[in-house]
Structures are given as C-alpha cells and as structure tokens.
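[1] got a sequence here, can you build the structure:
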Amino acid sequence: MTLRVARAARRLTDDWRHLVVEPRGSTALGISFRPLQAEAMGLPPRDTLAALLGYEYQLIRLGALWNRMEPQAGVFDPASLDWQVEAAERAGKQIVLAVGAVKNFGYPEFFVPPHRLQPKLRERSLVTATSHPELLAGAMSFIARVVERYRDRKSVVGWQVEHEPVDPLGNEHSWRLATEFVRQEVDVVRQTDSTRPILINGFVPMSLPVALQQWFRTRDQGDSLSLAESVADIVGVDMYPRHALTGRAGFGVYLDASESRWNGRLRSLLMKAAAKARVMITEGQAEPWESVTNPPNPASLAMYSCPPDRVVENYNRCMRLARDSACALEAYLFWGAEYWLLRQKNADPSYFGAFQRILDLDA
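    Purely as a prediction, here's the structure:
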C-alpha cells in the first residue's frame, strides 16, 4: 500500500477503451442499487433504476431499509422496496435482497427507526442481545416479515443479513454488533426460508494500518469476513483499492494499493473463503471514494480514486486472482452505478462505456 498525495481531479482519458478485459467464465455480473444515493445526487430513484436495469447483467442487490419500511411503531410499509423488486423482475434480473436490519449497504449504513432506539447505542460498545433485547427482537421481527413477503419471488436468489455486521460503522460510529446478535438474525432467516443461501459480507483491509486498526477494533470476536466464513453460505467481499483520507486545495491524500501487495492479500482471502463457502465480490469499487460523502462530479475531469479505467482494472484483478486461487466467484457486483448515470447526464458516458466493455466480452 502506497500513501500518495495527488491532484484529486485530473484530465478524463479514454484509457478504459484500450484495456484487455479478463473473461469472467461462470461469474455473474451485477450492481447494487442505492435509492438514497440517487436522491442525494439529484437523480429520481425510479428513473435511475429503470436506466440501470437496461443493461445486460444478471444480478442486482436491493436493500430493505428498516426505517423506510417501518416509519412508525406498528406500521409495516413495503412500498419503497416493492417497486424495486417488481422493476428488477420485469427486467429479468436475479435479486440478492439485503434484509438488514440494523445495518444495510449505502450511506449512512444505519437504518434503525428512531422508535426502536431505546436505549441508544453507546459509542465503543458491543451491541448484544443482553444490552439491547428490544432492538434484537425488533430486528428479528422485521427480518422475518421481509423474508415472508418476498420468499415466493423466484427472482430472489439469496438473503444478505446485515452489512459488514460486526465491524464498526466506518468513522461515524464506533459501536459494533455482537456475533451472537447476528447469528440470531441468521437463524430467523433460515427458519423463515430454508431454501435460499445466506450471504454475509465484509471488507478487505487494503493496507497494513487499516488491517491493524480493523484487528484491534474487532479482536474480541473477529471481523465480518470471519463471521461470514463460519455462518454464511456465501462470503461477500468488499474491496476498495484506492481511497482518499483527506483533501484540500484540489489535492488529496490517498491510500493506494500497489498491485503486488494487494494481489497477495486478496488471493489469500479468496482461497480461505472458498474452502468454506461460496464467494462473491459484493462491492467492487467502480466510483470515486474521495474525502466527501458524495463523489465529486467535475466536468471533463475524473477523480483520482476511481477514473473509468479503474472500473475495468479493479474487475480484471479480481478475475485474475480468483482464477489463480482456484476460487469460482459466484458474482461480481460493481459499486457506484448511480454515479455512472450522474456522469452520463453531465456528458461523460465513459463509466457506462467501461461497464459495457466488460458485459460485451462474454455476451
């Protein structure tokens, strides 16, 4: 891992057109859909999803957001998810449904309704069945209702339980879910639908400092990937090789995974996970990760953390490493498709162009 100081926005190139694309073999391709991110970017969620569903990939990950589907005590309103599932089905996509409940993918990753937060979650604490029995009961009830509602849909091919469940919530919060809390949620899913696989995901630390920090903060019970290997049918791997730590005056300080170190770490992880479960890349970085919440969208420029060519390069490296480690990846889900649409609306179709090149290879 290299620490780099670089100009954040740089000239947009067409390098993505000239990269050789690795064959995917039996690996399904797909995206995750984040309606809240679409809203934050000024994109109507329904129109955004309709546009994204027009591409010929196989799999889409959708999220059941607890605070949206239970806006007040005693109310279960699935309308915000129903239309997404129905649209994906009409487009012929298979669906991995992330049922939460406490954490789910997409910023802010925390979707507990306010009326369920008694007592509140204390920073630097472990959230357990004993410390928060009502939260666990509510989460289990919500998960059961979501699974019951969608288990008869043939398009749903798997359930994701929580999101990076036993890791701290980024930089915003330092509390963590206990493994036994998540195991009880997994049990509810299995009891409600025993026919579909359960996915648990975790992120790959791409530098020694991040790896040490992750180990220190999760040393009492292990990280999310360790939990996934022990209880899930599918281990989901989230990887972000280049991201900004801070930025100022047009420059950023980036953690940038060198190919050799990055390859060795991910190869070892894939080999270990594949020995115990099925494996997919649940989040392959395909949008910039700068030092702000929403990726910048500069006209005629690309952000250093993920220009369009990195969409192809990140995918290629995963395909090569999976092949080298004898790991048959179940799927590769590109992270950031809403951003691609934002760029396209601002006269930059290159992110979609890079994605289409990958789709075209095995079409």
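[2] how many neighbours does the residue nearest to Arg46 when sequence neighbours are not counted have?
    Spatial nearest neighbour of Arg46, excluding adjacent residues (Cβ to Cβ, 6 or more residues apart in numbering): Trp83 at 6.9 Å. C-beta coordinates here come from the backbone N, C-alpha and C atoms, glycine included. Counted with other Cβ atoms under 10 Å, residues neighbouring Trp83 total 14.
[3] same question for the one 10 residues further on.
    Applying other Cβ under 10 Å, we find 21 other residues in the vicinity of Lys93.
[4] report pLDDT for it.
    Lys93 carries a pLDDT value of 98.
[5] which residues does the closest residue to it other than its chain neighbours bridge with?
    If the residues on either side of it in the chain are set aside, Lys93 comes closest to Ile60, at 4.8 Å by Cβ to Cβ, 6+ apart. In this entry, Ile60 is beta-bridged to Ile31, Ile95, by DSSP bridges.
[6] verify the contact between Ile60 and Ala88 for me.
    Yes: between Ile60 and Ala88 there is a contact under Cβ atoms under 8 Å: 5.3 Å.
[7] overlap in contacts, those two.
    Leu53, Ile95 (Cβ atoms under 8 Å, 6 or more residues apart in numbering).
[8] how about the strands in the stretch 151-300 of the chain?
    Taking DSSP state E, counting those that start in this stretch, the strands of the stretch 151-300 of the chain run over residues 156-161, 176-177, 198-203, 234-239, 242-248, 251-256, 278-285.
[9] what strands line up against the fifth one, and which way round?
    Note on strand 242-248: by DSSP bridges, its sheet partners are strand 251-256 (antiparallel).
[10] go on, the second one?
    Within its sheet, strand 176-177 is paired with strand 126-127 (parallel), according to DSSP bridges.
[11] for the helix or strand following the partner strand, buried residues please.
    Sequence order places helix 133-150 as the next helix or strand after strand 126-127, per DSSP states H and E. Residues of helix 133-150 classed as buried: 135-136, 138-140, 142-147, 149-150 (neighbour count, 16 or more other Cβ atoms under 10 Å).
[12] hang on, the earlier thing: correct me if wrong: the residue nearest to Arg46 contacts Ala50.
    No: taking contacts as Cβ under 8 Å, Trp83 lies outside contact range of Ala50: 10.4 Å.
[13] tell me, how many residues neighbour the closest residue to Met206 other than its chain neighbours?
    In space, and not counting its chain neighbours, Met206 is closest to Ala257: 4.4 Å by Cβ to Cβ, 6+ apart. Applying other Cβ under 10 Å, we find 23 residues neighbouring Ala257.
[14] the one 10 residues further on too?
    Here the count is done by other Cβ under 10 Å, and Arg267 has 16 residues near it.
[15] for this structure, which spans come out with low pLDDT?
    1, 258-263, 363 (pLDDT under 70).
[16] geometric centre of it: which residue is closest?
    Compute the mean C-alpha point of the chain, and by Cα atoms, centre = their mean the closest residue is Glu283, 4.2 Å away.
[17] surely that one touches Pro241?
    No: assessed by Cβ under 8 Å, Glu283 is found out of contact with Pro241, at 11.7 Å.
[18] tell me how many other residues crowd Leu29.
    Number of residues near Leu29 (other Cβ under 10 Å) recorded here: 21.
[19] ok, now which ones touch it?
    Tyr57, Gln58, Leu59, Ala331, Tyr332, Leu333, Phe334, Ile358, Leu359 are the contacts of Leu29 under Cβ under 8 Å, 6+ apart.
[20] in helices only, show me the residues you listed.
    Ile358, Leu359 (DSSP state H).
[21] which one of the contacts of Leu29 sits in the busiest neighbourhood?
    Busiest of the contacts of Leu29 [other Cβ under 10 Å] is Ala331, holding 27 neighbours.
[22] what is that one paired to in the beta sheet?
    Ala28.
[23] isn't it right next to Thr27, touching?
    Yes: contact status for Ala331 versus Thr27: in contact at 6.2 Å, counting by Cβ under 8 Å.
[24] how near is Asp233 to Asp15?
    As judged by Cβ to Cβ, to the nearest Å, Asp233 and Asp15 stand 38 Å apart.
[25] oops, could you answer that again for Trp159 instead?
    38 Å.
[26] which one of those two has more residues nearby?
    In this view Trp159 and Asp15 are compared by other Cβ under 10 Å, and Trp159 has more residues nearby, 28 against 16.
[27] that one contacts Ile95, correct?
    No: using Cβ under 8 Å as the test, Trp159 is too far from Ile95 to be in contact (10.0 Å).
[28] tell me where this structure has helices.
    35-40, 45-52, 66-69, 79-90, 133-150, 179-192, 208-218, 224-231, 259-274, 308-324, 337-345, 350-361.
[29] can you check what angle separates the fifth one from helix 179-192?
    Spelled out, that is helix 133-150. In terms of direction (axes from the mean of the first three to the mean of the last three Cα atoms, to 10 degrees), helix 133-150 departs from helix 179-192 by 30 degrees.
[30] what angle do helix 133-150 and strand 156-161 make?
    Helix 133-150 runs at 170 degrees relative to strand 156-161, counting by the same axes, to 10 degrees.
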